[in-house]
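Trainee: Sequence isn't available, so here's the structure alone:
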DNA sequence: ACCATGACGTTTC
DNA sequence: CGAAACGCCATGG
(Lines give C-alpha, C1' and ligand atoms only; values in the text may rest on other atoms or scores of the structure.)
Protein backbone atom coordinates (compact mmCIF):
# COMPACT_ATOMS: atom_id res chain seq x y z
CA UNK A 1 0.00 0.00 0.00
CA UNK A 2 2.58 2.51 1.00
CA UNK A 3 4.80 3.22 -1.93
CA UNK A 4 6.92 6.24 -1.25
CA UNK A 5 9.67 5.58 -3.72
CA UNK A 6 7.97 4.62 -6.96
CA UNK A 7 4.58 6.19 -7.15
CA UNK A 8 5.44 7.59 -10.54
CA UNK A 9 2.67 5.63 -12.18
CA UNK A 10 0.03 6.62 -9.69
CA UNK A 11 1.14 10.21 -9.61
CA UNK A 12 0.88 10.47 -13.37
CA UNK A 13 -2.68 9.24 -13.17
CA UNK A 14 -3.51 11.67 -10.40
CA UNK A 15 -1.96 14.53 -12.30
CA UNK A 16 -4.06 13.81 -15.35
CA UNK A 17 -7.25 13.34 -13.36
CA UNK A 18 -6.73 16.64 -11.62
CA UNK A 19 -6.55 18.29 -15.03
CA UNK A 20 -10.03 17.16 -16.01
CA UNK A 21 -12.19 20.30 -16.34
CA UNK A 22 -15.27 20.53 -14.17
CA UNK A 23 -18.33 19.39 -16.01
CA UNK A 24 -16.31 17.13 -18.25
CA UNK A 25 -15.37 13.48 -17.91
CA UNK A 26 -12.81 11.12 -19.33
CA UNK A 27 -12.22 7.41 -19.33
CA UNK A 28 -9.72 5.03 -17.83
CA UNK A 29 -8.69 4.03 -21.31
CA UNK A 30 -8.06 7.59 -22.41
CA UNK A 31 -5.81 8.17 -19.44
CA UNK A 32 -4.06 4.88 -19.97
CA UNK A 33 -3.52 5.76 -23.59
CA UNK A 34 -2.18 9.15 -22.63
CA UNK A 35 0.27 7.53 -20.24
CA UNK A 36 1.37 5.08 -22.90
CA UNK A 37 -0.17 2.04 -21.27
CA UNK A 38 -3.16 1.76 -23.56
CA UNK A 39 -3.83 -1.85 -22.81
CA UNK A 40 -3.63 -1.37 -19.09
CA UNK A 41 -6.64 0.74 -18.31
CA UNK A 42 -7.06 -1.48 -15.28
CA UNK A 43 -4.02 0.07 -13.72
CA UNK A 44 -5.63 3.48 -14.06
CA UNK A 45 -8.72 2.38 -12.23
CA UNK A 46 -6.55 0.77 -9.67
CA UNK A 47 -4.59 3.95 -9.18
CA UNK A 48 -7.83 5.82 -8.65
CA UNK A 49 -8.90 3.26 -6.11
CA UNK A 50 -5.77 4.07 -4.17
CA UNK A 51 -6.41 7.75 -4.76
CA UNK A 52 -8.45 7.98 -1.60
CA UNK A 53 -5.36 7.04 0.36
CA UNK A 54 -3.44 9.73 -1.47
CA UNK A 55 -2.45 12.92 0.30
CA UNK A 56 -4.54 15.05 -2.05
CA UNK A 57 -8.12 14.66 -3.14
CA UNK A 58 -8.55 13.42 -6.66
CA UNK A 59 -11.70 14.21 -8.67
CA UNK A 60 -12.05 10.57 -9.57
CA UNK A 61 -15.76 11.04 -10.14
CA UNK A 62 -14.84 12.55 -13.48
CA UNK A 63 -13.38 9.29 -14.65
CA UNK A 64 -15.69 6.60 -15.96
CA UNK A 65 -15.37 3.62 -18.22
CA UNK A 66 -15.56 3.68 -21.99
CA UNK A 67 -19.33 3.26 -21.95
CA UNK A 68 -19.86 6.30 -19.78
CA UNK A 69 -20.99 4.13 -16.90
CA UNK A 70 -20.14 4.98 -13.30
CA UNK A 71 -18.69 1.56 -12.64
CA UNK A 72 -16.60 2.80 -9.77
CA UNK A 73 -19.17 4.74 -7.82
CA UNK A 74 -19.42 1.91 -5.34
CA UNK A 75 -15.79 2.45 -4.42
CA UNK A 76 -16.21 6.05 -3.43
CA UNK A 77 -16.17 7.14 0.14
CA UNK A 78 -19.60 6.66 1.74
CA UNK A 79 -20.02 10.36 2.30
CA UNK A 80 -19.41 11.08 -1.34
CA UNK A 81 -21.70 10.27 -4.17
CA UNK A 82 -20.28 10.06 -7.65
CA UNK A 83 -23.58 10.72 -9.35
CA UNK A 84 -24.31 13.66 -7.11
CA UNK A 85 -20.88 15.18 -7.58
CA UNK A 86 -21.23 14.95 -11.34
CA UNK A 87 -24.69 16.43 -11.27
CA UNK A 88 -23.37 19.31 -9.24
CA UNK A 89 -20.94 19.98 -12.05
CA UNK A 90 -23.67 19.94 -14.63
CA UNK A 91 -23.16 16.40 -15.82
CA UNK A 92 -26.40 14.55 -16.30
CA UNK A 93 -26.32 11.02 -14.98
CA UNK A 94 -29.11 8.52 -15.08
CA UNK A 95 -28.93 4.98 -13.78
CA UNK A 96 -25.12 5.06 -13.69
CA UNK A 97 -25.08 6.20 -17.29
CA UNK A 98 -23.70 9.59 -18.19
CA UNK A 99 -25.98 11.42 -20.58
CA UNK A 100 -24.47 13.07 -23.65
CA UNK A 101 -21.31 11.23 -22.76
CA UNK A 102 -19.59 11.76 -26.08
CA UNK A 103 -20.34 15.46 -25.84
CA UNK A 104 -18.82 16.11 -22.44
CA UNK A 105 -16.05 13.59 -22.93
CA UNK A 106 -12.64 15.08 -22.36
CA UNK A 107 -9.37 13.52 -23.37
CA UNK A 108 -5.96 14.37 -21.92
CA UNK A 109 -4.75 14.30 -25.50
CA UNK A 110 -6.37 17.69 -25.87
CA UNK A 111 -3.53 19.02 -23.78
CA UNK A 112 -1.23 18.46 -26.74
CA UNK A 113 -3.37 20.75 -28.84
CA UNK A 114 -3.07 23.55 -26.34
C1' DA B 1 8.89 -16.98 -8.92
C1' DC B 2 3.83 -18.18 -8.69
C1' DC B 3 -0.94 -17.03 -7.78
C1' DA B 4 -4.83 -14.03 -6.96
C1' DT B 5 -7.04 -9.61 -7.41
C1' DG B 6 -8.72 -5.45 -9.94
C1' DA B 7 -12.93 1.73 -10.50
C1' DC B 8 -10.92 -1.72 -17.85
C1' DG B 9 -11.62 -2.85 -22.83
C1' DT B 10 -12.59 -5.76 -26.70
C1' DT B 11 -14.51 -9.66 -28.70
C1' DT B 12 -17.70 -13.36 -28.84
C1' DC B 13 -21.84 -15.86 -27.86
C1' DC C 1 -28.80 -6.62 -23.43
C1' DG C 2 -25.94 -9.63 -20.24
C1' DA C 3 -22.26 -12.87 -19.29
C1' DA C 4 -17.91 -14.76 -20.11
C1' DA C 5 -13.32 -15.25 -21.88
C1' DC C 6 -9.03 -12.98 -22.80
C1' DG C 7 -5.42 -9.65 -22.64
C1' DC C 8 -3.05 -6.48 -19.85
C1' DC C 9 0.16 -5.36 -15.87
C1' DA C 10 1.13 -3.40 -10.95
C1' DT C 11 0.93 -4.95 -6.23
C1' DG C 12 0.64 -8.09 -2.33
C1' DG C 13 0.82 -12.60 -0.05
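Mentor: Done, it's in. Everything numeric here is computed off the predicted structure, so don't read it as measured data.

Trainee: phi, psi of the closest residue to residue A:82 other than its chain neighbours?
Mentor: In space, and not counting its chain neighbours, residue A:82 is closest to residue A:73: 3.7 Å by C-beta to C-beta, 6 or more residues apart in numbering. To be clear about C-beta, it is placed using only N, CA and C from the backbone, and glycine gets the same treatment. Main-chain torsions, residue A:73, degrees, to the nearest 10: phi -60, psi -30.

Trainee: Kindly report the same for residue A:95.
Mentor: According to degrees, to the nearest 10, residue A:95 has phi 50, psi 50.

Trainee: Tally up the residues packed near it, please.
Mentor: Residues contacting residue A:95 under the criterion other C-beta atoms under 10 Å number 8.

Trainee: Quick check: residues of chain A near DNA strand B?
Mentor: Counting by C-beta under 7 Å from any atom of the strand, chain A comes close to DNA strand B at A:27-29, A:41-46, A:48-49, A:51-52, A:60-61, A:63, A:65-67, A:71-72, A:75-76, A:82.
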